[in-house]
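> make a model of this:
(chains A and B)
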Amino acid sequence: MPTNGAPTKLTQGYRTKGGIGESTLRPDGTLKVTGEFAYSSDMWHEDMLWGQILRSTVAHAEIVSIDTSEALAMPGVYAVMTYDDLPTDVKNYGLEIQDTPVLAHGKVRHHGEPVAIVAADHPETARRAAAKIKVDYRELPVITDEKSATAPDAILVHENRDDHHIGHVPHPNIVHRQPIIRGNVEEARKRADVIVQGEYTFGMQDQAFLGPESGLAVPEEDGGVHLYIATQWLHSDLRQIAPVLGLPEEKVRMTLAGVGGAFGGREDLSMQIHACLLAMRTGKPVKIVYNRFESFFGHVHRHPAKLYYEHGATKDGKITHMKCRIVLDGGAYASASPAVVGNASSLSVGPYVIDDVDIEAVALYTNNPPCGAMRGFGAVQACFAYEAQMDKLAKKLGMDPVEFRQLNAMEQGTIMPTGQPVDSPAPVAELLRRVKAMPLPPERQWESSEGADVRQLPGGLSNTTHGEGVVRGIGYAVGIKNVGFSEGFDDYSTAKVRMEVIGGEPVATVHTAMAEVGQGGVTVHAQIARTELGVTQVTIHPADTQVGSAGSTSASRQTYVTGGAVKNACELVREKVLEIGRRKFGSYHPAWATAELLLEGGKVVTDGGEVLADLADVLEGEAVEVEEEWRHRPTEPFDLRTGQGNGHVQYSFAAHRAVVEVDTELGLVKVIELACAQDVGKALNPLSVLGQIQGGTLQGMGVAVMEEIVVDPKTAKVRNPSFTDYLLPTILDTPIIPVDVLELADDHAPYGLRGIGEAPTLSSTPAVLAAIRNATGLELNRTPVRPEHLTGTA
Amino acid sequence: MRVNFTVNGRPQEADDVWEGESLLYVLRERLGLPGSKNACEQGECGSCTVRLDGVPVCACLVAAGQVEGREVVTVEGLADYAKQRAEHGGCASGACGTSVDEAQRWQARGQDSQTGEGTELSPIQQAFIDAGAVQCGFCTPGLLVAADEMLERNPNPSDADIREALSGNLCRCTGYEKIMDAVRLAAARQGEAV
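As a prediction, this is how the structure comes out:
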């Protein structure tokens, strides 16, 4: 083919299949259904060892002594390491505050804290060796709640704090405090005809991703290490790992292994540094795989919370004011607590117009398990409480709970309590209208010609009722979640896009460090590349640290931010491709110089639809590659005294209607239906959108009726670290989840899209609680609801 | 100890097996078949579901020694297994036996290493992809084995039947709705094919 000749294959007509808006299928789908997809726990290397962590058996204690001699003497054991074996002066890590010891130093602060690590030739040998390490603890009193944390003589969980929050917190056992003051609550309170107050408790939820923490560290010839790992953010891990190992970042190579779910639980490090340390110590590849018991200790959980709320309203149903105090238990280490505080406070009013507010949120340091990121991130706990308050207000006013919410619903232009205007669609009233308009599931579905189908009843196959004592209830809730990292964080992503001809076909390759954790980012990236570059074939390069940071797969941000980075890089590639086209073929058609040109269906096309060249001709002998960072518009920190500031970049809204049937005699709940309406801005992949909404909805239901990590208040020890005792919804517990998707574009975002992953997790929980209250008439100020709360035997 | 058994129609021999090892460990770490997943290793999540002489079991709860001389089907062999069932009038379970001749003819198929394109899939595998039932995918292998077994027994399941049959398999990503869709889809396609 002549490189400077006329363009060939000038057939008219074009269409790019598989672009945005289509429900294209996952590129990793086939590997995942055949069992060949390589998750982090599937990694294997010739001559590899197995690592094991020894964890503290008590929550708060001084370590008097550690004796590793018996463990070291065991055949098959290659290394045992404690704090004293750490190679550099950097011995702590942390997302924001570096307060977490790689291995305990003189003290443990929570049950299950890593104390020592072992490498051996068989996982059972490693486990037995770890069990032979003798640790002598001198136990200390445990800090377990706000009262014990802020008592005048309270033991400090962390002595000598020097982080940037210590200057503005009222007590060293408070990680961070964020007040928000706007308007004049005392004056507004005088206008209220009704006032409702409530004290709410939110239990500790676990992410319970199914793929356990795991990875493989391989020592490299240059003295560095290559880590194959399941994480949510490769570059954040890298920044924390390298200094502890004493290696420059370029000598710690990170490749994303298959990730078996995340939901916030992989934002913090787990076994990353331990595996690298053992690999460097032994000179052999080291694999670490937690079992489920260890996984419950190996990652942070959702903050349990106490929430104190007061709302007032006028007789005609307008909310006058809101006061609230949200106390989050951050546990022993900071993790993401400061940012969770920022979210809880700034979203504590919910999606409502309330001009006069007095808000305070704090996170505590305690000896409970460390808490941090989980889907919904501070907004979940607040939504549970403010939605209970909305129902209480409506009831006291004698109004319909949905109409009451609609009357006070925020909309585009509403000013947040932080002073920030909501500058894109906020269809709160419309989402409530839609979810209420959905048909209700039929009553008494358990009835059949052959008697009661117990599978449709509370208690299920336990055969506890055939309908006696079963009462139906219906409840509504709506929530607001911020999208992206807030409070002035430089929230960027990087994409490298390459376009070339392979086998006569134009092919795009997209390379980012985005952690695919199941959400389908890889599907969407390929769709974006097809839409922007007009190609069918897109290769998604494995995520690693050979390309710039993609930021975290959290905060509902990846389609927005890394999707935005891919779109941006594609646009730059497109310009370069058109430059080549103009150079090669510009003289053959004036439109090359005058028309707006697009890439569609493998061709260069004018905006009028005329085909100018085939991309294979344009790119023959040339490859175009661009790597570029992309940012959403900047945000600002919240003022530490007033909470004012343009802290958020985008919001996401969802509403739920829950239908439950409750066996009021036994306190058993069956959720029959959880209908959801959500605004997604633009559904880049409608099938994946539904998957996110339904999955998020069910996690919200889990913490409404069953999921809770139970911590003994006397010892701060975890009592149920297993799937036998920590209950997750099974398919039998799961209601039908009809979804109504609204697409109102946010003009600030790529394609008008809205981050969607978290919003459905917010309103699901309070909707279920509202439905149970509706069925039983009980107040129910705590979640999850257990049978004893419904039968009066708690 | 040494354990001899058949996996996906192929005779296998595992050496130096420690007495406490599970079938799951032997499959994943000794036979290079990591498709069966290690989500809880205590029989609660179903991610490691395999067929043992045709019966779905959690491989994590089966001691490796218990499978001596028996037949195991894992997700890696599911497509072949379903194909044989279709060819042999509905019986491909290990209980029906795999002939030595068939076992000797078994071979891995070539495929695209990145996407797996070109792989022959069973109807339930294809339905999981088409219906959007796969997100992180960690629960998928166990669900596929369990759902395939249910459809073998009950080609026209009601929604309640599907939920009951799959109640031993936890999924944390999907909210199960798309899994229901996938099983309904596979059943419908199976019905059309007959």
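
> list the residues that contact the closest residue to chain B within chain A.
Nearest residue of chain A to chain B, counting by C-beta to the nearest C-beta: residue A:35, 2.0 Å away. Where you see a C-beta, it was placed from the backbone N, CA and C, and this is true even at glycine. Counting by C-beta atoms under 8 Å, 6 or more residues apart in numbering or on different chains, residue A:35 makes contact with B:33, B:34, B:35, B:36, B:74, B:75, B:76, B:141.

> identify the residue spatially nearest to the residue of chain B found nearest chain A, adjacent ones excluded.
Closest residue of chain B to chain A, C-beta to the nearest C-beta: residue B:35 (2.0 Å). Spatial nearest neighbour of residue B:35, chain neighbours left out: residue A:35 (2.0 Å); criterion: C-beta to C-beta, 6 or more residues apart in numbering or on different chains.

> re the thing from before, quick one: pLDDT of the residue of chain A closest to chain B?
On pLDDT, residue A:35 comes in at 97.

> and it, how far from residue B:3?
The gap separating residue A:35 from residue B:3 is 21 Å, by C-beta to C-beta, to the nearest Å.

> now for residue A:252, how many residues are close by?
Residue A:252: 24 surrounding residues under other C-beta atoms under 10 Å in any protein chain shown.

> can you point me to the longest helix in chain B?
Ordering each helix of chain B by length in residues (DSSP state H) puts helix B:177-193 first.

> outside of that helix itself, list whatever touches it.
Here helix B:177-193 makes contact (C-beta under 8 Å, 6+ apart) with A:687, A:690-691, A:694, A:731, A:734, A:736-737, B:86, B:123-124, B:126-128, B:130-133, B:143, B:147, B:150-151, B:155-157, B:159, B:162-163, B:166, B:171.

> tell me which helix or strand residue 125 sits in.
Here I'm looking at chain A. Assigned by DSSP states H and E, residue A:125 belongs to helix A:123-131.

> sorry, I should have been clearer: chain B.
helix B:123-131.

> ok now that helix, how far from the chain's centre?
Put simply, helix B:123-131 sits 14 Å off its chain's centre (C-alpha atoms, centre = their mean, to the nearest Å).

> quick one, that helix and helix B:177-193 angle?
Orientation check (axes from the mean of the first three to the mean of the last three C-alpha atoms, to 10 degrees): helix B:123-131 against helix B:177-193 gives 130 degrees.

> list the buried residues of whichever helix or strand comes after helix B:123-131.
Later in the chain than helix B:123-131, the nearest helix or strand by DSSP H and E is helix B:140-153. Under the neighbour-count criterion of 16 or more other C-beta atoms under 10 Å in any protein chain shown, helix B:140-153 has B:140-152 buried.

> same deal with stretch A:463-478?
Buried-residue list, stretch A:463-478, by 16+ other C-beta under 10 Å: A:464, A:465, A:467, A:470, A:472, A:473, A:474, A:475, A:476, A:477, A:478.

> what confidence value was assigned to the closest residue to residue A:436 other than its chain neighbours?
What sits nearest to residue A:436 in space, not counting adjacent residues and going by C-beta to C-beta, 6+ apart, is residue A:402, at 5.3 Å. Residue A:402 is assigned 98 on the pLDDT scale.

> what packs against the strand or helix carrying residue A:402?
Following DSSP H and E, one finds residue A:402 within helix A:401-408. Helix A:401-408 is packed against helix A:379-397, helix A:428-437, strand A:470-483, with contacts defined by 3 or more C-beta pairs under 8 Å, 6 or more residues apart in numbering or on different chains; DSSP states H and E.

> return the helix or strand in chain B with minimum mean pLDDT.
When the helices and strands of chain B are scored by mean pLDDT, DSSP states H and E, helix B:100-105 comes last with a mean of 45.

> wait, a strand at residue B:157?
No. With DSSP: H, G, I helix; E, B strand; the rest coil as the criterion, residue B:157 is assigned coil and is not in a strand.

> look up how far residue A:301 lies from residue A:721.
Distance of residue A:721 to residue A:301, given as C-beta to C-beta: 11 Å.

> ok, residue 64 - contacts?
Answering for chain A, as no chain was given. Residue A:64 makes contacts with A:136, A:137, A:138, as judged by C-beta under 8 Å, 6+ apart.

> not quite, go with chain B.
B:3, B:14, B:17, B:21, B:22, B:23, B:25, B:26.

> wait, what's in contact with the first one?
Think residue B:3. B:13, B:14, B:17, B:26, B:64, B:65, B:67, B:68.

> would you check which pair of those lies furthest apart?
The most widely separated members of the contacts of residue B:3, counting by C-beta to C-beta, are B:13 and B:65 (13.6 Å).

> which one of the two has more residues nearby?
residue B:65 (15 against 10).

> report pLDDT for residue 131.
I'll assume chain A. Per-residue pLDDT puts residue A:131 at 98.

> let's do chain B instead
For residue B:131, the predicted pLDDT is 97.
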